[in-house]
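K.L.:
give me the fold of what follows.
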Amino acid sequence: MIVNDRETAPEFLMDALQRLGDPANARFVLPMLDSKRDVLRLKAVETLQSLETQSPPVLQKLGPAILAQARRQPAPEYARSYAMALGAVRARAATDYLIRAAGHTEAGPALAATYLALGRIGAPSAVPVLTRALIAEFPKGRENAVQALVAIGDGSAVPRAFAQLAHERVETRFAAAEVIAGIPLESSGPRALELLRERTPASLAPAAYVIARLKYRPARGQVELQLSDATAAEREALARTLGWLGQSESVPLLLRVLAEASGEGRYGAAWALGILGDARALDGLRQAAGSSDRKLALLATEALGSLARPESLPDLRRAVQAAGATRYAAVDAIGGTPGGEARLMLEEFAQSSDLELQLAAVRALAGRADAAPASVPALIAIVDEGSTEGARAAMAALRKLTGLPYENRSQWRHWFEMNGR
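P.N.:
Predicted structure coming up:
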């Protein structure tokens, strides 16, 4: 088999290699990495990635050959596809090559791909260059460096990341927190707790995030202590941390914060109460769902959906009737609430002349176990009488609920007349 730029439709040939799924054929793709056409180079990478899932050891053997090609090809426009290819086959031998490339490549797709490749090959020696990327003014590079560091999983990245929790750039602080959370060390929870106690404004929220992600429960008392202070900084982050920690002992404090007249702590409290799912939060969340503060109303409505209690249905109905994004969160919440009353409410909204509301209600019905066969007549009515988009959504819901493959109105009408009435 020959695959090169001169052959007819090389994309077709690489598609065939992917469908065949034989990793032994991967070597035929390598010439395309030197193609003058960027689209073909990226198609070659995609093919290598697809075949690598079939047999990683076979693809890893191609690492030296790809690395040799990369070294012979100095043109910068090839750097991205070669980095991706080396990552795809997990070419550990390319570690030094990729680290050097990261040092002299300008911010852009090639550098971002280089960072990801270093993660794919699992190169601990790349930790210094990747942690430096956290402080660079290159958002995609920072994002990929976080992924790479977590994939490598080397503990030496953690103290380097802690050093950035007070960085002047917010995005860098939280990128560092992601690294710390993604490489769990026994020392990280206590260290984050110490930062929390210091109450340094810059590092407080990322330290709380680390505690949350690591579920470092010994920190709960300190988090609650600071959250209970109405003048404390980052109260939304502190309240969210209590949700992550998952301890019901925090519910009374979160309810007090939720009931405050103002402040961002209420947002974190609403979110955390939804995560905790404690029935004691029902009344407080119902009241917050009617707030004139749109963010609070939205978060409280979403939290009511997590509690999934029929008592909240009147509040959710009012939220649906209001304008704004909260109405769609309310539809989702109704969709997750058990019982016939919730299902009938969704059927009612599915008849709405407001297309967006109708579509949201139909999607919610499609996710309910009790909607088949009970809601089939309502969906058939939308198929018969609704707009094209509404009918399409209703037919998709019917396929999901019934397992039947019908694609058009007449097929569903015939089936319903024969079986549904």
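K.L.:
what helix or strand is the closest residue to residue 212 other than its chain neighbours located in?
P.N.:
With Cβ to Cβ, 6 or more residues apart in numbering as the criterion, residue 212 has its nearest non-adjacent residue at 3.4 Å, and that residue is residue 244. Placement of C-beta: from N, CA and C, glycine included. Taking DSSP states H and E as the criterion, residue 244 maps to helix 235-245.
K.L.:
so the helix or strand just after that helix versus helix 235-245, what angle?
P.N.:
Using DSSP H and E, the next helix or strand after helix 235-245 towards the C-terminus is helix 251-258. Helix 251-258 runs at 150 degrees relative to helix 235-245, counting by axes from the mean of the first three to the mean of the last three Cα atoms, to 10 degrees.
K.L.:
pLDDT of helix 251-258, averaged?
P.N.:
Helix 251-258 comes out with an average pLDDT of 98.
K.L.:
show me what contacts the nearest residue to residue 70 once chain neighbours are set aside?
P.N.:
Spatial nearest neighbour of residue 70, chain neighbours left out: residue 82 (4.1 Å); criterion: Cβ to Cβ, 6+ apart. If a contact means Cβ atoms under 8 Å, 6 or more residues apart in numbering, then residue 82 has 33, 66, 69-70, 73 as its contacts.
K.L.:
tell me the contacts of residue 79?
P.N.:
101, 105, 110, 113-114.
K.L.:
so which of those wins on neighbours?
P.N.:
Neighbour counts for the contacts of residue 79 (other Cβ atoms under 10 Å) peak at residue 114, which has 32 neighbours.
K.L.:
list the contacts of the helix or strand containing it.
P.N.:
Here residue 114, judged by DSSP H and E, is contained in helix 109-121. Here helix 109-121 makes contact (Cβ under 8 Å, 6+ apart) with 76, 79-80, 83-84, 86-88, 90-92, 94-95, 98-99, 101-102, 105, 126, 129-130, 133, 138, 140-141, 143-145, 147-152.
K.L.:
packing partners for the strand or helix carrying residue 330?
P.N.:
Using DSSP H and E, residue 330 maps to helix 326-335. Applying 3 or more Cβ pairs under 8 Å, 6 or more residues apart in numbering; DSSP states H and E, we find helix 326-335 packed against helix 294-307, helix 313-321, helix 340-350, helix 355-366.
K.L.:
make a markdown table out of the ones you listed and add distance to residue 279.
P.N.:
Output for these, formatted as a markdown table (distance: least, Cβ to Cβ, whole Å):
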| stretch | distance to residue 279 |
| --- | --- |
| helix 294-307 | 7 |
| helix 313-321 | 15 |
| helix 340-350 | 17 |
| helix 355-366 | 23 |
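K.L.:
hang on, the earlier thing: mind giving me the packing neighbours of the helix holding residue 244?
P.N.:
Against helix 235-245 (3+ Cβ pairs under 8 Å, 6+ apart) you get helix 201-214, helix 220-227, helix 251-258, helix 265-276.
K.L.:
by contact count, what packs against the following helix or strand past the last one?
P.N.:
Spelled out, it's helix 265-276. The first helix or strand that comes after helix 265-276 along the chain, using DSSP H and E, is helix 282-289. Secondary-structure packing of helix 282-289 (3+ Cβ pairs under 8 Å, 6+ apart): helix 251-258, helix 265-276, helix 294-307, helix 313-321.
K.L.:
just the buried residues of helix 282-289, please?
P.N.:
Within helix 282-289, the residues scored as buried using 16 or more other Cβ atoms under 10 Å are 282, 284-286, 288-289.
K.L.:
and among the helices and strands packed on helix 326-335, the most buried is which?
P.N.:
Among the helices and strands packed on helix 326-335, ranked by average contacts under mean count of other Cβ atoms under 10 Å, first place goes to helix 294-307 (a mean of 23).
K.L.:
got a list of contacts for it?
P.N.:
258, 266-267, 270-271, 273-275, 277, 279, 281-282, 285-286, 288-291, 312, 315-316, 319, 324-326, 329-330, 332-337.
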